[in-house]
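Enquirer: Sequence and computational prediction follow.
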Amino acid sequence: MKSPQPPESLDCTQCGACCQCFPIFAGVEDAARELRIAQETRPVEAHLASHERAYQLFPLPFLEACAFLASNQLCRIYPTRPDVCRRFTAGSPQCLEARQRVGFPSES
């Protein structure tokens, strides 16, 4: 039986699986740090918005991944990415689920 890859062997900067599988929201502070969040995504409707969920990055109409995931699987805003992306842990159960859902190997 194969064992899961250790988190340090998974490279978030080359993957993008989570960017294609889970809803992604950015907060007010995220948009202040990265101005393109407010320019290129959808504001959350006022009655549903919060300080941490002010902009919707994924899902969005006509996009199969986060608005900032480039075709080469690189995040276009990685240095200024939202806090929710910063908290997503490589090798976590959610990471491995996303990798499985998009067909990436999650085991060595």
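Expert: Sure, I can see it.

Enquirer: Remind me what the helix or strand residue 99 falls within packs against, helices and strands.
Expert: Using DSSP states H and E, residue 99 falls within helix 93-102. In this structure, helix 93-102 packs against helix 18-21, with contacts taken as 3 or more Cβ pairs under 8 Å, 6 or more residues apart in numbering; DSSP states H and E. Every residue, glycine included, has its C-beta placed from N, CA and C.

Enquirer: tell me the mean pLDDT over the helix it packs on?
Expert: Taken as a whole, helix 18-21 has a mean pLDDT of 94.

Enquirer: list the helices and strands it packs on?
Expert: In terms of contacts (3+ Cβ pairs under 8 Å, 6+ apart), helix 18-21 is packed against helix 93-102.

Enquirer: now this structure, which segments are flagged as low pLDDT?
Expert: Counting by pLDDT under 70, the chain contains low-confidence ranges at 1-8, 106-108.
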